[in-house]
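**Q** show me the folded form of this:
(one chain, ligands or ions: 1)
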Amino acid sequence: GFNCGIVGLPNVGKSTLFNALTNTMKAEAANYPFCTIEPNVGVVEVPDERLYRIAELVKPKKITPTTIEFVDIAGLVRGASKGEGLGNQFLANIRNVDAIAHVVRCFQDENVVHVDGKVNPLRDIETINLELIFKDLESVEKRLQRVLKQAKSGDKRARAEVEALEKLKSILENGKRINPFLSELSDGEKRVVKELQLLTAKPVMYIANVDEEGLFEDNDLVKSVRELAEKEKAPVVKICAKIEAELSELPPEEKEEFLKELGLEEPGLNSVIREGYKLLNLITFFTAGEPEVKAWTVRKGTKAPQAAGKIHSDIERGFIRAEVIKYEDLIREGSLQACREKGLMRLEGKDYEVQDGDIIYFRFNV
Ligand code: GDP
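**A** Numbering: from 1, shown residues only. Now for the predicted structure:
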């Protein structure tokens, strides 16, 4: 599956958020017999209203949302890149995630100690980002030493890599993450980034954790985070982790009521999950039959046979074609049958790129 690591300084609300996420949306572990779930990994359902609107029309026995994983990466502190506080281990955990949700404290509370004495989200962000940058610099420099030797002996490829590494190094030495610069890098440079598995190449969203008042109007702390994020072209999600935690403990009816009281349409967690999904460049397609209506996740750009492979490797291997109906067409026409009669079902071959919202029936040879 695809996953998103939750990072941030101590006491900013990471575990509160993680627990809220896993409480509400916990997909039953029994549904996922093939993944061993570690205590710091939460499998979370992706809220998607379309699934339920399809189900209203198809009336299946079972409705199955798609999921993503959140990984609680606690323990990042100043000095982690130098091994402080088990730092290296936590940095290694970050290497294994596809994207980063960076929780930032934007609430004041005298009872909650701040590791640096005073609440200051920009300094917090810088502290964490610098640790990741230091770690990446270490990787780049190590590689550079090795490749420089090869370059000296006249190896052309090595010389190109040296140039790429120098470029990455200068970005990092300027205190910048690699990710905002990815689109400006050449394919060769991108390859180097990938090979080194640089931590700062991963996409980031900032999660501004506010108190209740901050939910309705951005406080100055949130404003400062938004400004920074805009420069980095990173999304910001504002939540109150404490309220999310309370919400996540409530039965559905009471949850609705509490949300209404707060003037919220849905839990803030939904935006966290949706933004995480976007950050990972994921799209959803559906399969819709009477036994089950089900949402599936693939990366944008995935071709039909590989999408079929998500369901079963046999379907990928024996792929003949995909019969595709657009979500909007189904909703407008009211049934799969009506779509077929109106010629709204397209037959697509192995080069078809699956689109978000496609409802697909795969034909395959056994
Ligand atoms: P972590 O170290 O980042 O995992 O932080 P925790 O989730 O353990 O939270 C640290 C403390 O901050 C706990 O006492 C939480 O109850 C409190 N906390 C978390 N979110 C909020 C919030 O939105 N508002 C307030 N006032 N306190 C919060």
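**Q** the ligand contacts on this structure?
**A** Selection of the chain residues close to the ligand by C-beta under 6 Å from any ligand atom yields 8, 10-16, 74, 107, 109, 112, 209, 211, 240-242. Heads up, the C-betas are built off the backbone N, CA and C, glycines and all.
**Q** among those, name the buried ones.
**A** G8, V12, G13, K14, S15, T16, A74, F107, N209, C240, A241, K242 (16 or more other C-beta atoms under 10 Å).
**Q** out of these, which are inside helices?
**A** Judged by DSSP state H, helices contain the following of these: K14, S15, T16, A241, K242.
**Q** for the stretch 201-350 of the chain, what spans make up the strands?
**A** Ranges of strands within the stretch 201-350 of the chain are 204-209, 236-239, 282-288, 292-299, 319-326, 346-348, based on DSSP state E, counting those that start in this stretch.
**Q** please identify the most buried of the ones you listed.
**A** Of the strands of the stretch 201-350 of the chain, the one with the most neighbours on average (mean count of other C-beta atoms under 10 Å) is strand 204-209, at a mean of 26.
**Q** partner strands of that one and their direction?
**A** Using DSSP bridges, strand 204-209 pairs in its sheet with strand 99-105 (parallel), strand 236-239 (parallel).
**Q** ok, residues contacting that strand?
**A** 8, 12-13, 17, 99-107, 121, 125, 177, 179, 214, 221-222, 225-226, 228-229, 232, 234-241, 272, 275-276, 279 (C-beta atoms under 8 Å, 6 or more residues apart in numbering).
**Q** okay, it in PDB with CA atoms only?
**A** Extracted C-alpha coordinates of strand 204-209, given in PDB (Å, rounded to 0.1, in the frame of the first residue of the first chain):
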ATOM      1  CA  VAL A 204       5.400  17.200   2.400                       C
ATOM      2  CA  MET A 205       2.100  18.500   3.700                       C
ATOM      3  CA  TYR A 206       2.100  20.700   6.800                       C
ATOM      4  CA  ILE A 207      -0.500  19.900   9.400                       C
ATOM      5  CA  ALA A 208      -1.200  23.000  11.500                       C
ATOM      6  CA  ASN A 209      -2.500  21.800  14.800                       C
END
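**Q** now it: average pLDDT?
**A** Strand 204-209 carries an average pLDDT of 97.
**Q** now do stretch 355-366
**A** Mean predicted confidence for stretch 355-366 is 96.
**Q** lowest-confidence helix or strand of this protein?
**A** Least confident helix or strand, the chain: helix 87-95 with a mean of 78, by mean pLDDT, DSSP states H and E.
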